[in-house]
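Novice: turn this into a structure:
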Amino acid sequence: MNKVSKKIVWIILLILPLVFLNSCSPVEKKPGSSEWQFAPLPDISRQPLKLNVAHVINKRFTALTDEQIKRLFIRTQQLLKQYFNLDVIFENNQQVSIDDFFSYLPEKIISARGKYIVDARNINDEVKKQMRASIYSTLLDNEQQQSSIINYAKPYLVDPESVENLSELADELVKTLSHRVRYWYQQNAEDGKPVLNNMPYNQWVWWDSMGYGEMPYDVVITNQLVASIETYGMAVHSSLRGGITGGTMTYSKNSPYKGYVFISAFQLLNNSPLLKKLRNDEAYTDEQIINYVAALLTHELGHLFFHYGHPFNAPACVMNPTPLLKYREWFEGFDAQACRAGNYPMMQPGAVKVDFNPDW
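Specialist: Sure, this is the predicted structure:
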């Protein structure tokens, strides 16, 4: 993509949320109609499994070093063997600027999905209704885990007193999300400018959609903060953190596994007051950073290779989402044997469906 085309894409990315903010439907259409299909479970019978990797860097933020990336891969290989009995090879690791990475995003996707982005600086009552519909839809997808989800979320809500069911939880998640996401517009990055600015890099929608383009990677590691609000796909754990997403597994047309994963190390490498509060830790040592980022990657690869879901409130399982950003507590609670003994439905292959729109 040439420089002129990139400028056009940035203009579209920046204006779409404002154009569609009050006109968008509250929840993206679900699979089941002719437009949507489900990706098959990957064939993992021939191991080691090979993964093409990119390290996507925004120069405004602290990034993992090349040496840390190498150690991260070794640690992830160990964790994948321990928890999933998988052998993997990380290969063709490329360092990619975030601007070049976003050039993989097709303009058709920008047009189709830009309407789901919420301007976190302009949340009115109508937008809150749309946010609630998105969150509640996601909760209903996990209705069989109602008590586990409530127990998982309740300690971390801004106002947890009235939560007895998923409907009430959706109301409180909107309050928590709206309250915490504003923080990032008040914090500065290393260049002295706000962490969230007028560029689209923090929007989860675009990271969730990269696989529709010609992106050649199965794994993406980034130092970019991904913190945003959408009117589709808002997860419980992301809402609790103020829209922060530590990682995602989603559809990718070019991958042999029909999916790709990204993880962000921003919330481990930076030490702002909110991050310290959500982590319950001032800062992490080098060893902790490697362990926790490797665990994040292991978690997302569990989604990729097995289509596992989230066994909420199951601290022994690496597939349990990190409570807030309490990576130390999360990591130290893992117990592979105890997790297997729990026989959690969300830890069965194919527990969740990876949907995609073949027309995109």
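Novice: pLDDT below threshold where in this structure?
Specialist: By pLDDT under 70, the low-scoring segments of the chain are 1-34.
Novice: kindly recompute the last result at 50.
Specialist: 3-4, 7-8, 11-12, 15-27, 31-32 (pLDDT under 50).
Novice: for it, what spans make up the helices?
Specialist: 3-20, 66-84, 98-102, 107-113, 125-140, 146-153, 166-181, 204-209, 236-240, 266-269, 273-279, 286-306, 327-332, 336-342 (DSSP state H).
Novice: out of those, which comes closest to residue 187?
Specialist: Of all those, helix 273-279 sits nearest to residue 187, with 7.5 Å by Cβ to Cβ. Just so you know, the C-beta spots here come from the backbone N, C-alpha and C atoms, and that holds for glycine as well.
Novice: packing partners for that closest one?
Specialist: helix 266-269 (3 or more Cβ pairs under 8 Å, 6 or more residues apart in numbering; DSSP states H and E).
Novice: other residues contacting the helix it packs on?
Specialist: 61-64, 222-226, 244, 246, 275, 278-279, 284, 288-289, 292-293, 325, 327 (Cβ atoms under 8 Å, 6 or more residues apart in numbering).
Novice: save the helices of the chain as CSV, and put in mean neighbour count too.
Specialist: Conversion of those to CSV gives the following (neighbours: other Cβ atoms under 10 Å):
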stretch, mean neighbour count
helix 3-20, 14
helix 66-84, 17
helix 98-102, 18
helix 107-113, 16
helix 125-140, 19
helix 146-153, 18
helix 166-181, 20
helix 204-209, 24
helix 236-240, 25
helix 266-269, 23
helix 273-279, 17
helix 286-306, 22
helix 327-332, 17
helix 336-342, 13
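Novice: dump these to TSV, plus distance to residue 189.
Specialist: As requested, the helices of the chain are exported to TSV (distance: least, Cβ to Cβ, whole Å):
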stretch	distance to residue 189
helix 3-20	18
helix 66-84	20
helix 98-102	13
helix 107-113	25
helix 125-140	26
helix 146-153	29
helix 166-181	16
helix 204-209	19
helix 236-240	21
helix 266-269	10
helix 273-279	13
helix 286-306	19
helix 327-332	21
helix 336-342	37
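Novice: for the ones you listed, which one sits closest to residue 191?
Specialist: Per Cβ to Cβ, nearest to residue 191 of those: helix 98-102, 13.9 Å.
Novice: kindly export that closest one (C-alpha atoms) in PDB.
Specialist: Provided in PDB are the C-alpha atoms of helix 98-102 (Å, rounded to 0.1, in the frame of the first residue of the first chain):
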ATOM      1  CA  ILE A  98       2.500  -0.700  13.500                       C
ATOM      2  CA  ASP A  99       1.800   1.500  10.500                       C
ATOM      3  CA  ASP A 100       2.900  -1.200   8.100                       C
ATOM      4  CA  PHE A 101       0.900  -3.800  10.000                       C
ATOM      5  CA  PHE A 102      -2.300  -1.800   9.700                       C
END
